[in-house]
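Participant: Pasted the sequence and its predicted model underneath.
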Amino acid sequence: MKSPSDRVDEAGVDRAVEREFPMGAAETADGMDRRTFVQLLGTSLALSGLAGCPRAPPEKILPYTRQPPDLTPGNPLHYATAFATGAYATGVLATSWEGRPTKIEGNPLHPSSRGAAGLFEQASILQLYDPQRARLVKYKGVARAWKSFLAETRQRLDYLLEANRAAGLRFLLDPSGSPTVEDLRRRIAAAFPNARFHAYEALDRDNAYQGARLAFGRPLETLNEFENADVILSLDADFLQCVGPHLRHSRQFAARRAPGPAMNRLYAVESMLSVTGTMADHRLRLRSSEIQSFALELLSELVGKHRLGALAAIASALGQPLDAGPRAAWVRAVAADLARHPGRSSLVVGPRQPALVHAIGHAINSALGNFEQTVRFTRPVPLEAEAGSAALAALAAEIRDGRVDTLVITSRNPAYTAPANLEFPSLLSSIPNVIYHGWYEDETWARSAWTIPAAHPLETWSDARAHDGTISIAQPLIAPLFNGIPELELLASFVGEVDKNAYQILRESWQKKTPAADFEQRWERWLADGLVPGTAFSPERPSVRWDALNAAIRGAGKQDDAAPPGQRPLEVNFVGDYKVYDGRFANNAWLQELPDPITKLAWDNAALLSPATAQRLGLGQGEVVTLELRGRRVDAPVFMVPGHADDAVTLPLGYGRSGMEGVARGMGFNAYLLRHASAPWFDSGLTITSRGKHHPLAVTHDHWSMEGRPLALQSTLAEFQKNPGALDELRGPTETFHRPVDYDQAPHRWAMAIDLSRCTGCSACVVACQSENNIPVVGREQVRRSREMHWLRIDRYFSGPIEEPSVITQPVACVHCELAPCEYVCPVNATVHSDEGLNEMVYNRCVGTRYCSNNCPYKVRRFNYLHYTQDKPAPEKLMMNPDVTVRARGVMEKCTYCVQRIERVRIQSRIENRPIRDGELQTACQQACPAEAITFGSLHDQSSRVSRLHRDPRRYDLLHDLGTRPRTAYLVRIKNPNPELA
Amino acid sequence: MADWILGEFGTSSALLKAAEQLRREGHTRLDTYSPYPLDGSSEALGLPRSKIPLIGLAAGLSGATLGYVIQWLTNAVDWPLNVGGRPPHSAPTFIPITFESGVLLSALSIFFGLWLILRLPQPYHPVFDLEEFRTASSAGFWLSVESVQAAAEKEQLVRRLRSLGAVQVSIVPERR
Amino acid sequence: MEPVGQPDALDPAPLLVGVKDDQTVTQIIFRPVWERTRRGWWILFLIGLGGVGLLITAISVTLARGIGAWGNNIPVGWAFGIVNFVWWIGIGHAGTLISAILLLFQQKWRTSINRFAEAMTLFAVMCAGMFPVLHLGRPWFAYWLVPYPNLMRIWPQFRSALTWDVAAVSTYFTVSLLFWYVGLVPDLASLRDASKSRLQRIVYGIFALGWRGSGRQWHHYRIAYLLLGGLATPLVVSVHTIVSFDFAEGLIPGWHSTIFPPYFVAGAVFSGFALVLTLMIPARRFMGLEQVITLKHIDNMNKVLLATSMMVGYGYLIEQFMGWYSGNIYEMYSVLNRMFGPYALIFWLLILCNVLAPQLMWSRRMRTNLAVTFGVSLLVNVGMWCERFVIVVVSLHRDFLPSSWAMYRPTWVDLSLFTGTLAFFGTLFLLFLRFLPAVSASEVKELRQELSEHAEEKAA
């Protein structure tokens, strides 16, 4: 007899096997098979402790802050480098142990990081060691040497040049702001006059640039300074997650969430509940297509009632007066609030919204005098302002006409991410000579003649621009593990620089730019700091072209279909996924297993819709449906999200991969199959038919409601100030039979404080914890059995009406109770208290009774039900943090307050013979948090930030009445609603 | 050479009377055999009170003490740890094991004490030489007089048993 | 055949039917041991062995793959393993109770069934004992729960109810074994003397330790047996009390309850008596023991069943009441979750089996109706298993923070382990019935003696 649960684990094993032998990666070009290769790699690294890392890049790379006299085995070094998602680079610090990069953290000096790190930056370390990465230069599937690629390509290029000055040569690149790539492109263009460059990414920002072009006559980059904004209106803009400098945004936004007069107010208008939406003081659910008319209504309200002089110029275009109804009231209130804060308000428009909405946003911001205050402009970061489906459609047309002979692709897997109607995969196959520079043997790889493995950012030299144009030199920490070729070397080969490596190419281009005598010193400074000072773009001061805007608005008219909710045709929305972005991170097990910040879905995506709409369509949670749009079909499970706009369905992109990546394959469904180049973000006329099947989704947090329990608390500023004593029964001492243990003798009383007002639920801390503490990935089947291993989880509760819920997120890890219920039930003393109050887990003493977990009211303990670390692919073992035990089967584990970091700092302070300074010690989660919601320190130090927060009037203890005396305190989330909307 | 005199009686009461009688007549090395314990057999044989209760009590008390002391030594003295803020010497939580160890030691000592007192296991015994005697464990009631030396005495005993109502009397040689 | 021991007003049904003398007793009781093995026995035995094979497979999978082969998760850290453990331990209690407590109260009717029940106790405890070890994440370190001197000077943590369990269960098994064996010795001697072949004589002889049934031996034997009974009585109460501490010591709603000890003990006796009936009714039929295990016994046991059923019923009532009376939102929710949550069906099933079904036993006709008794006893076994499931799994799967709530689904390994132990138990029991007297001959003879004296007095 076999039960599904049995197949569950077999599946797990299968996956493990796939990971071990990714197809086509069985042997490397030099005939050494992967196993021996990795074994050698392992051995060499073992030796590296003594002999320094043989795989370290030959060039001189420079550690962050200090250059060591010599590498001290056992002490990690931090190197500043940069990681770009899309066009924008985020400055990061990479931790390196004897030449093994193990962790990625934010670079405090970098403008868009400020020391924080997002999901993608941190998780990219896992992809560095991903054994499924492409590792062979191949021609039509046969392994070839890099040299022969160069030779044969050279021949073809010469032929093309003679034929028609290389008219058939095309480049399809990732949008990038890299100055060196810019140089190379210029030189390639010179060498091949008729060659053309195209840029494409699935989650483009074309609308933003088009909007700027509409409003100002030229594409511009919009920079938001939320620390100056008292009132923020977001139109479908998820500025706190994923998009551009979201880390910077989160920090600035959170800085203004402290209760008090300086507190900002956020209005969000969106269709799918977003991270930003959960932070909003007021949220209006509208279908994406209705947001434009919302913007127009707002505009007319501002023009009509608030007489903003500048806007008068376009008053003529606005016919419709504001009708009655709740939405109208909303518009009025928001308009009034904005008008009350000229120069202190900010209207943010998301890249999914059409150009007109962006233009209106600019108009309003300019009329409110927000320019230079909360909104700034620079030239666009990427070299092309058009990098979306329009750009790709143009290329597709040329391919169809057979005008493309050789297509060089460095863009991320366009065969998969291209809108379905372009039929890009078949077009690729029709091109005589496609050269694909990719990370994986993915969909595009399968349709390219020449396939070249790309080097990971941590394996190569490059440079990139941040959102404000600041340039970072990205330095490698390890020589390519899988024979990856740097993009710079590939491009350089087209201008004949075949013998130069990325380092030389980069340095030469920079030497040309800076002929200064002290270049060497500067260069070293740049590498050490992780950025080139003074390279931020100079600010642009555009002015709105009212007449053009007038015309555009007249042209637009009113979009809404008058039909009442329920009869309207279904709208479909395409969004970048919080975890796999456009699919480029689909093979990243950390991100796949990370519960989505909103849906708490792991390993799968789903068709998201509101409970009301699901009810109308008669669909249940997890029911598999066929989605049909413009004659294209795809099957997807349905998932209800409270607060989603009615009559709309949201499809996260990036899943349903059919490439050779074992982790990504078979996870979720591919929403690109419904995407149309003419309507890449939202479209109407979706039909849904149930398949009568049910798909077991891996949801880590299924229960929406708090059941009226005082767990994650939120209140309004007014209420809170009315009775500040409301929290007294949720804090302070509780009765106990025992004489409390005296911690005064101990040097420290470690404690944590988590400010729910700041926490956006972005989940960066979860990945940081996973990376710092060697937390294993367990796979979809195990998550379905709720055996995920995350030490830190983010609880997400909905309260209020399920259609218009108020959402709150609450990070929960071990709260290190002083009277810990887990400890006294352990029969073998495997979990006990340290004299500084840490609840310590002794892995090698644990026999695995799981009594501690049963008795933990917070359920933060995690158990190794299987040997999760056993089938870890060999390369990933190099990524383990040597300061943290890798747990084996059958033992319990949980948050340690990053005890390894405590001890490192303690050692350092003893060496320097000084006490540990407050703030010197950061836990991994605290360090990553862009909103600075997590604080850690000692309660003995009365002045420490954590003790001040523990004395904060907003402080309360989770499950206080149990008398467990947690060391982690929570601060109530305070919201700042508009009285007019109360 | 010494012999054992064995006599079988029809009923338990007859057996007990006979035993009583013989003891009055000064025979000390008597024993009765029955498939189940007979009320009054101890009195008939004039046996002193059994020591087993004392053994059980002593062992029980020492077991309990031992149990408590082990818990106290290991958790409160040898290596006290801060376990959930509970006092190292948390007496109430030591009670269950104290009780159990007391019972365990008491039961073991009673069990082994019994066999010690009865000198069991004992693979061979003269009475087993008499095939008829095997009824003793299923239905028969027997009476034995231990190793009698003098032939005259043997004669006399056989007669006496018969007169006391023995169904059959046999003499079993006691091998040395 | 006329009954021995005249029926009187108080106990009308006879305890023994048609046993003229000790010889008949011996014949009746030893017949199954002497006669050739029946085909039915072989069939059952082979089925049992099959089940044991399944058990061994499941255990191997558990040890090889890890506890992940079970359905447990976070928050449900304990599930089938502990449910089965508590269930089996509970069943064991009937044996000790019948043999020890009824011995102290000098209940005549115990003599015919105590051997039977004690054997059941031993085998049940064997089955129970497997689970605490198997459910460990690292079973090979199970001995760390015992205080043995080691270089690291790491000791067990005696505030944990699990260390109490180790002491309680091991003591319980040892004492039950000794008690059972001591009671067996006179019969072993009797078997030795009555055995036909030399081999039997030698084997039984070894275990009989040379017992002669002499007055001096009986003199010490009786007091020792009585004392062991006296020890077993508080022991049996303590064992399930301590098992209940596993839950009462925790703070999970549905666990953290002071009524658990008495309510667990009652439940244990309840389930134990049920299983004794389940096994005895067919056994006495097929082994021709109707004369020594009479309707009188069935009747009395059903009375105990009814009484204990009322006690556990009271337990359920108080649990729900306390949940409400505490005014604690978490307790209240756990009560509602039991009755109307995703596992509500199991809760209502246990109410049906444990509280409603035994109410039949108010009527004597039902008490003495073998079919009804058998059916009810089966239901009670099911019901008691459900009770443990509700306490362990249903309390855990929804505790304090809704974010961690999850469902529990058993795997094939869970199911095989449970059915496997059932088979293991059955197999041991078959061996017991085949090679040892299922009823204590010496005690029945003693009883027969008493009854006949009693009868003579009445006649006079």
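Facilitator: Received it, and whenever you're ready, just let me know what you need.

Participant: Give me the neighbour count for the residue nearest to residue C:111 when sequence neighbours are not counted.
Facilitator: Distance criterion C-beta to C-beta, 6 or more residues apart in numbering or on different chains; nearest residue to residue C:111, sequence neighbours excluded, is residue C:443 at 4.2 Å. Using the backbone N, CA and C atoms, a C-beta is placed for each residue, glycine as well. For residue C:443, the count of nearby residues is 23 (other C-beta atoms under 10 Å in any protein chain shown).

Participant: can you tell me which residues contact residue C:443?
Facilitator: Listed by C-beta atoms under 8 Å, 6 or more residues apart in numbering or on different chains, the contact set of residue C:443 reads B:36, C:111, C:114, C:183.

Participant: which pair in these spans the largest distance?
Facilitator: The distance between the two most remote of these (C-beta to C-beta) is 14.3 Å, for B:36 and C:114.

Participant: Neighbour count: the two, which is higher?
Facilitator: Ranked by neighbour count (other C-beta under 10 Å), residue B:36 and residue C:114 place residue C:114 first, with 26 against 23.

Participant: could you check the distance from that one over to residue C:107?
Facilitator: According to C-beta to C-beta, to the nearest Å, residue C:114 and residue C:107 sit 10 Å apart.

Participant: likewise residue B:61?
Facilitator: Relative to residue C:107, and taking C-beta to C-beta, residue B:61 is found at 30 Å.

Participant: for residue A:505, same thing?
Facilitator: Residue A:505 sits 98 Å away from residue C:107, going by C-beta to C-beta.

Participant: Between these two, tell me which one has more neighbours.
Facilitator: residue A:505 (22 against 13).

Participant: In contact with that one, which residues?
Facilitator: A:180, A:184, A:461, A:488-489, A:492, A:497.

Participant: Closest one to chain B out of those, please.
Facilitator: residue A:461 (51.9 Å; C-beta to the nearest C-beta).

Participant: That closest one reaches residue A:509, doesn't it?
Facilitator: No - if you go by C-beta atoms under 8 Å, residue A:461 and residue A:509 don't touch, sitting 10.9 Å apart.

Participant: Between these two, which is the more surrounded one?
Facilitator: residue A:461 (26 against 20).

Participant: which residues does that one contact?
Facilitator: Counting by C-beta under 8 Å, 6+ apart, residue A:461 has contacts A:59, A:473-476, A:486, A:488, A:501-503, A:505-506.

Participant: With pLDDT and secondary structure added, can I get the residues you listed in TSV?
Facilitator: Formatted as TSV, these follow (pLDDT from 0 to 100; DSSP: H, G, I helix; E, B strand; the rest coil):
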residue	pLDDT	secondary structure
A:59	69	coil
A:473	92	strand
A:474	92	strand
A:475	91	coil
A:476	91	coil
A:486	93	coil
A:488	92	helix
A:501	89	coil
A:502	91	helix
A:503	91	helix
A:505	92	helix
A:506	92	helix
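
Participant: Drop anything exposed from these.
Facilitator: A:473-476, A:486, A:488, A:501-503, A:505-506 (16 or more other C-beta atoms under 10 Å in any protein chain shown).

Participant: Include secondary structure when you put the contacts of residue A:505 into a markdown table, please.
Facilitator: Shown next, in a markdown table, are the contacts of residue A:505 (DSSP: H, G, I helix; E, B strand; the rest coil):
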| residue | secondary structure |
| --- | --- |
| A:180 | helix |
| A:184 | helix |
| A:461 | coil |
| A:488 | helix |
| A:489 | helix |
| A:492 | helix |
| A:497 | coil |
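
Participant: Which of these sits closest to residue A:971?
Facilitator: residue A:461 (43.8 Å).

Participant: Give me the pLDDT value at the closest one.
Facilitator: Predicted confidence (pLDDT) for residue A:461: 93.

Participant: Distance-wise, check it relative to residue A:504.
Facilitator: Taking C-beta to C-beta as the measure, residue A:461 falls 9 Å from residue A:504.

Participant: circling back to that earlier point, nearest to residue A:525 among the contacts of residue A:461?
Facilitator: residue A:473 (10.3 Å).

Participant: Now do the same contact list for the closest one.
Facilitator: Neighbouring residues of residue A:473 by C-beta under 8 Å, 6+ apart: A:81-82, A:461, A:463, A:506, A:510, A:523, A:526-527, A:530-532.

Participant: Report the beta-bridge partners for it.
Facilitator: residue A:463 (DSSP bridges).

Participant: Relative to residue A:514, how far out is it?
Facilitator: For residue A:473, the distance to residue A:514 equals 12 Å [C-beta to C-beta].

Participant: Around chain B, pick out the residues from the stretch 351-460 of chain C.
Facilitator: Contact residues (C-beta under 8 Å from any C-beta of the partner chain) of the stretch 351-460 of chain C with chain B: C:441-443, C:445-446, C:449.

Participant: So for the helix or strand of chain C at the bottom of the mean pLDDT ranking, what gets flagged as buried?
Facilitator: Least confident element among the helices and strands of chain C, by mean pLDDT, DSSP states H and E: helix C:102-104 (a mean of 77). For helix C:102-104, the neighbour count (16+ other C-beta under 10 Å) marks C:102-103 as buried.
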